[in-house]
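> Coordinates for the following, if possible.
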Amino acid sequence: MDDRIVVDPNICSGKPTVRGTRIMVKNILGMVAGGYTMARIVDAYPELTNNDLTAVLAYVGQVIDEEKVVPRA
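Okay, the predicted model is just below:
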């Protein structure tokens, strides 16, 4: 992830964000879930790079792998 994803209690209430921005990981993930391509996300957030987006997805994968996942009823 190259330290691109940060958690700072003073930024976005401590939610994971892309370093140097207030763009939350959950917002990017929501865009991916909504069918946005990487190019379209970069168009929406020109301050992001493809490497930032790759870091977001790697971060999400790591968090899911570390957490206990409880199936919803």
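> switch to C-alpha atoms for all contacts and neighbour counts from now on
Fine.
> residue ranges of the strands in the chain, please?
5-6, 17-18 (DSSP state E).
> Indicate which one of these is closest to Met38.
Closest to Met38 of these, according to CA to CA: strand 17-18, at 14.8 Å.
> mean confidence for that closest one?
The pLDDT scores in strand 17-18 average 97.
> picking that back up, make a markdown table out of the strands of the chain and add mean neighbour count and distance to Tyr36.
Shown next, in a markdown table, are these (neighbours: other CA atoms under 10 Å; distance: least, CA to CA, whole Å):
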| stretch | mean neighbour count | distance to Tyr36 |
| --- | --- | --- |
| strand 5-6 | 19 | 20 |
| strand 17-18 | 22 | 18 |
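> mind checking which of these is nearest Asn27?
Of all the strands of the chain, it is strand 17-18 that lies closest to Asn27, at 9.2 Å by CA to CA.
> hmm, back to that, would you turn the strands of the chain into TSV with distance to Gly35?
Listed next are the strands of the chain as TSV, based on distance: least, CA to CA, whole Å:
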stretch	distance to Gly35
strand 5-6	22
strand 17-18	20
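> Relative to Ala55, which of these is closest?
Short answer: strand 5-6, nearest of the strands of the chain by CA to CA, at 7.0 Å.
> For that closest one, what is the distance to the chain centroid?
The chain centre lies 8 Å from the centre of strand 5-6; the measure is CA atoms, centre = their mean, to the nearest Å.
> same deal with stretch 29-45?
11 Å.
> swap in stretch 62-73?
Using CA atoms, centre = their mean, the offset of stretch 62-73 from its chain centre is 17 Å.
> I'd like the average pLDDT over stretch 41-54.
Mean pLDDT, stretch 41-54: 96.
> end to end, how far does it reach?
Counting by CA to CA, to the nearest Å, you get 12 Å between the two ends of stretch 41-54.
> quick one: contacts of that stretch?
Stretch 41-54 has contacts (CA atoms under 8 Å, 6 or more residues apart in numbering) with Met1, Arg4, Val18, Ile28, Met31, Met38.
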